[in-house]
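Undergrad: Structure for the following, please:
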Amino acid sequence: MIGYVTLGSNDFEKAKRFYDAVLEDLGGKRTMTTDSFQGYGSQSRGAMFAICKPYDGRAASPGNGAMVALAAPSRELVDKTHARAMANGGADEGAPGLRGDTFYGAYFRDLDGNKVCVFKVG
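TA: Numbering: from 1, shown residues only. Modelled structure (predicted):
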């Protein structure tokens with residue numbers, strides 16, 4: 001159902017390096033690329049994750065209550081992705097762990113303050 005999700009960035013080159021590292025183990029590879037847009041996709045999932053310079057030229061800012069959730073195939077990969085985000089300058093928004101009976105998730109903010117969750121259900 002979701003085609004793609006886009007997050008704005010104020011330092012586009014730095015954001016690309018951050019997401020190159022963070023998305024690597026989840027299968028995210030650079031796909032669609034322009035001077036102001038970098039999409040990431042994987043072989044196993046149809047949706048795309050992207051970062052961009054805001055179209056209107058104004059500063060990017062995280063939305064209040066907005067969050068992107070990235071599915072992981074295992075709890076171990078949730079842990080690893082969260083650790084990789086921390087190692088690359090992300091801010092912790094919730095350590096990996098169970099939330100409820102079957103939702104295992106971890107939360108971080110990227111270099112521009114956007115909130116991201118990595119999760120595994122089951």
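Undergrad: how much space is there between the nearest residue in space to residue 53 that is not next to it in sequence and residue 77?
TA: Leaving aside its sequence neighbours, residue 53 sits nearest to residue 36 (CB to CB, 6 or more residues apart in numbering; 4.1 Å). No exception for glycine: its C-beta is placed from N, CA and C like everyone else's. Note on residue 36: its distance to residue 77, by CB to CB, to the nearest Å, is 30 Å.
Undergrad: Of those two, give the one with the bigger neighbour count.
TA: The residue with more neighbours, out of residue 36 and residue 77, is residue 77; 16 against 13, by other CB atoms under 10 Å.
Undergrad: My guess is that one contacts residue 27. True?
TA: No. Residue 77 lies out of contact with residue 27 (CB atoms under 8 Å); the separation is 9.8 Å.
Undergrad: so where do the helices sit in the protein?
TA: For the chain, applying DSSP state H gives helices covering 12-23, 75-87.
Undergrad: Could you count how many residues lie near residue 25?
TA: Each residue near residue 25 was counted by other CB under 10 Å, and the total is 15.
Undergrad: Distance of residue 31 relative to residue 4?
TA: In this view, residue 31 and residue 4 are 10 Å apart by CB to CB.
Undergrad: Show me the common contact partners of those two, please.
TA: Counting by CB atoms under 8 Å, 6 or more residues apart in numbering, the residues touching both residue 31 and residue 4 are 39, 48.
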